[in-house]
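In: Need a 3D model of the following:
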Amino acid sequence: MDEKNVKLTSSEIGTLWGEYVNGTMTDVINRYMVSIIEDEQIKAIFEEAIHTFGKQKQQISNFIKKEGFPVPIGFTESDLFKDKQRLFTDIFCLNYLHIMTLHGLLGHSTSLAVSVRKDLRDFYDSCDDDAKKMYHQTIELLLEKGSFQRDPLFYPAKNPEYISSRDFADGFFGKGRRLAATEIISISFNIKKSIMAKTLSIAFSQVAQTKEVRKFLMDSQNTADQQIKAFAKIMQADNLPVPKSWETEVTTSTDSPFSDKIMLYHIGFLYQAAQNYHGTGLASAMRTDLVAAYEGTILKNLRVTKKWFDLMVQNKWLEQPPLAPNRNEIAKEV
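Out: Model prediction:
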């Protein structure tokens, strides 16, 4: 059987649809950043990222068209306003590309995990290879420029040990114990993602053109700040360093290079993606204070994403993904 003649499943179509919409969003931001970046090394990586997505975008479009589905609108040149003032420093742009590459790596892995048809699996394999290459490049350049933030270092114990007391689960609410390395993974990861969300919210709120979008962005900035403080407090209690913030990497420009639509969508994307990371952190948490912090964060994120959804729908900015057939409606037509 020729697998290319086998119809793609709903999950396969869903991943392609998501890859296209989110990819075009990031591509617009990258195109702006490459236009303002002065550092030639950083600019070269962005040019490669734009070229790589250009190829992927065409392949995704071909997959979708062959299945008879309309190609999503996504984000286009109409969402990018050219010749505007600089909104970000070069270093922030590089950090942005690094974080979004991480999102891409995780997204490609999820897409591959639900793909069955070989040509689609091959496509996501190539996307994963491209993302890995970009991941290494961004880290190497951040290290070279002294701007990569490493996670805290631990000192080794003499021998492996078993947990011997129920007090191991106590945090601030009990006798307490130091954070485990397995818990630091998610804590540090989530703080860095919240720092990105806060920084973009600050930048976007400065240039948003409508009051309702500006208010949402300012609220999301405060939410991200609360989340950073909640997890930073836990790390600082163990005298562990907290990743530095990036607010100073945003200029004072009020000249918007982006449409309100793409800025609002981007923040919503970050909060939706964060729910996965917070859920992973909650699953690995073995201290009561950590569990409480993750549960509180997840609830706050749900409130933010509800407001985001309402605002996107109100402005007719939220594109509808492919839906399952409505059998009841079809039966009525017969």
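In: Now do the helices in the chain.
Out: Using DSSP state H, the helices of the chain run over 10-36, 40-66, 90-113, 118-144, 181-207, 211-237, 260-284, 288-314, 327-333.
In: now the fourth one and helix 10-36, what's the angle there?
Out: Angle, helix 118-144 to helix 10-36, by axes from the mean of the first three to the mean of the last three CA atoms, to 10 degrees: 30 degrees.
In: how about helix 118-144: buried residues?
Out: 120-121, 123-124, 127-128, 130-131, 134-135, 137-138, 141-142 (16 or more other CB atoms under 10 Å). C-beta here means a position set from N, CA and C on the backbone, and glycine is covered the same way.
In: I'd like those laid out as CSV, including distance to Gln58.
Out: Listed next are these as CSV, based on distance: CB to CB, whole Å:
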residue, distance to Gln58
Leu120, 15
Arg121, 18
Phe123, 11
Tyr124, 15
Cys127, 13
Asp128, 18
Asp130, 14
Ala131, 17
Met134, 18
Tyr135, 23
Gln137, 23
Thr138, 24
Leu141, 27
Leu142, 30
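In: Identify, from those, the entry nearest to Thr248.
Out: Nearest to Thr248 among the buried residues of helix 118-144 is Leu142, at 16.7 Å by CB to CB.
In: what separates that closest one from Asn315, distance-wise?
Out: Using CB to CB, to the nearest Å, one gets 36 Å for the distance from Leu142 to Asn315.
In: separation between Met218 and Lys84?
Out: From Met218 to Lys84 the distance is 21 Å (CB to CB).
In: go on, Thr254?
Out: Thr254 is 10 Å from Lys84, by CB to CB.
In: So between those two, which is more surrounded?
Out: Neighbour tally, Thr254 and Lys84, criterion other CB atoms under 10 Å: the higher count belongs to Lys84, 16 against 10.
In: how far away is the more buried one from Asp255?
Out: 5 Å.
In: cool, Asn22 as well?
Out: Distance of Asn22 to Asp255, given as CB to CB: 26 Å.
In: quick one, which of these two is more surrounded?
Out: Taking other CB under 10 Å, Asn22 and Asp255 do not tie; Asn22 has more neighbours (20 against 13).
In: Leaving out chain neighbours, which residue sits closest to the more buried one?
Out: Of all residues not flanking Asn22 in the chain, Phe269 sits nearest, at 6.4 Å (CB to CB, 6 or more residues apart in numbering).
In: hmm, back to that, closest to Gln275 among the buried residues of helix 118-144?
Out: For the buried residues of helix 118-144, the closest approach to Gln275 (CB to CB) belongs to Ala131, at 21.2 Å.
In: Next, the contact list for that closest one, please.
Out: By CB atoms under 8 Å, 6 or more residues apart in numbering, Ala131 lies in contact with Thr101, Gly104, Leu105, His108.
In: likewise Glu48?
Out: Contacts for Glu48 (CB under 8 Å, 6+ apart) come out as Met134, Gln137.
In: What pLDDT is listed against it?
Out: Glu48 is assigned a predicted lDDT (pLDDT) of 97.
In: likewise the one 10 residues further on?
Out: The predicted local distance difference test score for Gln58 is 97.
In: Relative to Gly23, how far out is it?
Out: With CB to CB as the criterion, Gln58 and Gly23 are 11 Å apart.
In: cool, and Lys306?
Out: Using CB to CB, Lys306 is found at 25 Å from Gly23.
In: out of these two, which sits in the busier spot?
Out: Shown here are Lys306 and Gly23; by other CB under 10 Å, Gly23 has more neighbours (19 against 10).
In: Quick check: closest non-adjacent residue to that one.
Out: Phe53 (5.6 Å).
In: Surely the one you found and Asp27 touch.
Out: Yes - applying CB atoms under 8 Å as the test, Phe53 and Asp27 come out as touching, 5.0 Å apart.
In: Much appreciated, bye for now.
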